[in-house]
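Asker: Below: sequence and its predicted model.
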Amino acid sequence: MTTYNLWRGLSTGRRLTFQVLYRNYAQQIGTTGTTPVKRMSNTKLMVISMGVGGLIGAGYSGYLSLTSGGNNGLTTQTKPTVIDKFPDNVKITRKIYNPNDNTDLDLVLFQYQTCPFCCKVRAFLDSQGFSYSVVEVDAVLRQGIKWSKYKKVPMLLAKRKDGKYVQLTDSSMIISALSSFLLNTDQDIGQLVNFYPNVSFVDENNKEKTDVLNKYFLMFQEDRPPKSTTRESMEDERKWRTWVDNHLVHLISPNVYRTSSEARETFEWFSQAGEWDEHFPKWERNLMVHVGAFAMWAISKRLKKRHGLTDDVRIHLYEACDKWTNEIEKKKTKFFGGNEPNLADLNVFGVLNSMEGCEAFKDCLRNTKIGPWFNAMKEYVQNRRGTVLSQVDMQYLPN
Ligand SMILES: N[C@@H](CCC(=O)N[C@@H](CS)C(=O)NCC(=O)O)C(=O)O
Ligand SMILES: *[C@@H]1O[C@H](CO)[C@@H](O)[C@H](O)[C@H]1NC(C)=O
């Protein structure tokens, strides 16, 4: 199957030992444990990998000592949520079906069609040719995730080997966990998720924060690193994935909700892209558009301040686009990842894709050089995606 060739060739049947090979590229965590980890037990390994790779981009610095527990108010909630069966009363909106996907993960993505984090995850899933179901969540009432303790989207359910579903939360964690899975599809996703524990900690401003440890790291067997990647390119990939989460995404809301009329247009486009007319009653659709547009216009003013953006929010967006295309120009390849996109390409593309129907994106096309790369990415992702099945089509699926 061509869609998996990025990582194909890794054989199977190994004991589940992993390592996080490379140290954190930017954040000074201050641990001493930065040498590559040797083969050891899962528990011990997990503790070390946290110290090495953990908390990138979370603004945390200091000594991470998970073994002694409670240092710096750092605590872990390492038990992933597992549910025995698919939640009742949750309606699958559509399926992406690829007959070549034989992973048996039965993925279900809970999402808002135009949320940048969700677009990021879909760009990844599509590019790898995964089959998956989509539950379109109502952004105001959020009925589709009532059953869940985690209240954000994207959120993913994946079937473990024992048939139960494990809940994957946070877009970057989802992408890293599934990429790790693709390195060796004999693994149990339920096991892999344990390498990405939730952590709570207190930041410099004494605020309690939560994050997912190792979320930019792929887990792989020590003697079988991903093919055709080097240490440097993996580090580069992580660096730009972090940039996407810490910088690029924060430019979206202030730009697409810049004025109240732009906010309204954006929500009308959301309604179209998410097919709200079809999936929600008319009153609920209207509620989402009007309440949503007003709320986001108001909120985006605060977001602009919080992320230190000046009033001319477009400039920041243009600068980000230019920064990205300059990086690719330096590499003299079609994509950041080379002839094929890597996760950094997919993540930048996903986030920009979330505002494709908005004035803000049209302005980017006019005022930056992002167009050719963006279109190449779009083609790449679309060519690898499975078939989109509506609710009506789904009944014809095998089993
Ligand atoms: N770090 C998370 C952020 C996800 C996130 O903030 N999602 C937004 C939607 S774009 C959300 O669900 N916010 C909570 C809410 O709507 O109540 C990720 O990368 O997945
Ligand atoms: C993180 O916490 C959420 C609940 O808030 C849970 O659903 C998810 O499975 C947890 N993930 C891990 C890896 O523990």
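Answerer: Here it is on my side, so go on. Ligands and ions are numbered 1, 2, ... in the order given.
Asker: How about the backbone phi and psi for the closest residue to residue 153 other than its chain neighbours?
Answerer: Spatially, and ignoring its direct neighbours in sequence, residue 153 is nearest to residue 111 (5.1 Å; CB to CB, 6 or more residues apart in numbering). The way it works is simple: take the backbone N, C-alpha and C, and place the C-beta from them, glycine included. Main-chain torsions, residue 111, degrees, to the nearest 10: phi -160, psi 170.
Asker: Please name the bridge partners of residue 111.
Answerer: residue 136 (DSSP bridges).
Asker: One more: residue 158?
Answerer: Taking DSSP bridges, one obtains residue 166 as the residues bridged to residue 158.
Asker: so what's the nearest residue to residue 389 once chain neighbours are set aside up against?
Answerer: Spatial nearest neighbour of residue 389, chain neighbours left out: residue 95 (4.4 Å); criterion: CB to CB, 6+ apart. Neighbouring residues of residue 95 by CB atoms under 8 Å, 6 or more residues apart in numbering: 131, 132, 133, 134, 388, 389, 393, 394, 397.
Asker: Let me know the secondary structure of the fifth one.
Answerer: Following DSSP: H, G, I helix; E, B strand; the rest coil, we place residue 388 in the strand state.
Asker: was I right about it contacting residue 98?
Answerer: No - applying CB atoms under 8 Å, one finds residue 388 not in contact with residue 98, separated by 10.6 Å.
Asker: higher neighbour count, those two?
Answerer: Counted by other CB atoms under 10 Å, residue 388 and residue 98 do not tie: residue 98 has more neighbours, with 21 against 12.
Asker: And the residue nearest to the more buried one when sequence neighbours are not counted, how far from residue 205?
Answerer: Among residues not flanking residue 98 along the chain, residue 386 sits closest, at 3.1 Å (CB to CB, 6+ apart). Counting by CB to CB, to the nearest Å, the gap from residue 386 to residue 205 is 44 Å.
Asker: what does this structure have sitting close to ligand 2?
Answerer: Taking CB under 6 Å from any ligand atom, the part of the chain that reaches ligand 2 is made up of 78, 79, 80, 81, 149, 150, 167, 169, 193, 196, 197, 198.
Asker: In strands, which of those residues fall?
Answerer: 167, 169, 198 (DSSP state E).
Asker: could you redo these as JSON lines and give each row pLDDT and neighbour count?
Answerer: Formatted as JSON lines, those follow (pLDDT from 0 to 100; neighbours: other CB atoms under 10 Å):
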{"residue": "167", "pLDDT": "98", "neighbour count": "18"}
{"residue": "169", "pLDDT": "96", "neighbour count": "23"}
{"residue": "198", "pLDDT": "95", "neighbour count": "19"}
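Asker: Verify the stated contact: residue 264 with residue 295.
Answerer: No - using CB under 8 Å, residue 264 makes no contact with residue 295, being 11.9 Å away.
Asker: of these two, who's got more company?
Answerer: Neighbour count, other CB under 10 Å: between residue 264 and residue 295, residue 264 has more, with 18 against 15.
Asker: Please give the element, helix or strand, for that one.
Answerer: helix 260-273 (DSSP states H and E).
Asker: For ligand 1, tell me whether that helix is touching it.
Answerer: No - if you take CB under 6 Å from any ligand atom as the test, helix 260-273 misses ligand 1, and the best it gets is 11.3 Å.
Asker: which other helices and strands contact that helix?
Answerer: helix 252-256, helix 282-306, helix 359-367 (3 or more CB pairs under 8 Å, 6 or more residues apart in numbering; DSSP states H and E).
Asker: from these, which stretch is densest packed?
Answerer: helix 252-256 (a mean of 25; mean count of other CB atoms under 10 Å).
Asker: packing partners for that one?
Answerer: helix 260-273, helix 282-306, helix 313-331, helix 359-367.
Asker: which residues does residue 83 contact?
Answerer: Residue 83 neighbours (CB under 8 Å, 6+ apart): 157, 164, 165, 167.
Asker: three-state assignment of residue 211?
Answerer: strand.
Asker: For the residue nearest to residue 389, give its distance to ligand 1.
Answerer: 22 Å (CB to the nearest ligand atom, to the nearest Å).
Asker: what about that residue, is that helix, strand or coil?
Answerer: strand.
Asker: Which PyMOL command selects the buried ones in the contacts of residue 83?
Answerer: Only the buried entries of the contacts of residue 83 go into this PyMOL selection, using 16 or more other CB atoms under 10 Å:
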select buried, resi 157+165+167
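Asker: which of the contacts of residue 83 lies closest to ligand 1?
Answerer: residue 167 (12.5 Å; CB to the nearest ligand atom).
Asker: That closest one against residue 148, yeah?
Answerer: Yes - counting by CB under 8 Å, residue 148 is a contact partner of residue 167 at 7.0 Å.
Asker: Quickly list what's touching both of those two.
Answerer: 81, 155.
Asker: Show me the shaky parts of the stretch 51-200 of the chain.
Answerer: Applying pLDDT under 70 to the stretch 51-200 of the chain flags residues 51-74, 77-78.
Asker: Who is the nearest residue to residue 390 once chain neighbours are set aside paired with across the strands?
Answerer: Excluding the flanking residues, the one nearest residue 390 by CB to CB, 6+ apart is residue 94, at 5.7 Å. Taking DSSP bridges as the rule, residue 94 bridges to residue 134.
Asker: if I look at residue 94, how far off is ligand 2?
Answerer: Taken as CB to the nearest ligand atom, the span from residue 94 to ligand 2 is 23 Å.
Asker: Can you show me the helices along the chain?
Answerer: Assigned by DSSP state H, the helices in the chain fall at 42-53, 116-127, 171-183, 189-192, 231-246, 252-256, 260-273, 276-279, 282-306, 313-331, 343-353, 359-367, 371-384, 391-394.
Asker: Go through those helices and name the closest to residue 210.
Answerer: Closest to residue 210 of the helices of the chain, according to CB to CB: helix 171-183, at 11.9 Å.
Asker: near ligand 1, which residues of the stretch 151-300 of the chain?
Answerer: Looking at ligand 1, the residues of the stretch 151-300 of the chain close enough under CB under 6 Å from any ligand atom are 151, 152, 153, 154, 170, 171, 172.
Asker: picking that back up, who has more neighbours out of residue 386 and residue 205?
Answerer: The neighbour comparison of residue 386 against residue 205 (other CB under 10 Å) goes to residue 386, with 19 against 7.
Asker: If anything else comes up later, I'll come back, but that's it for now.
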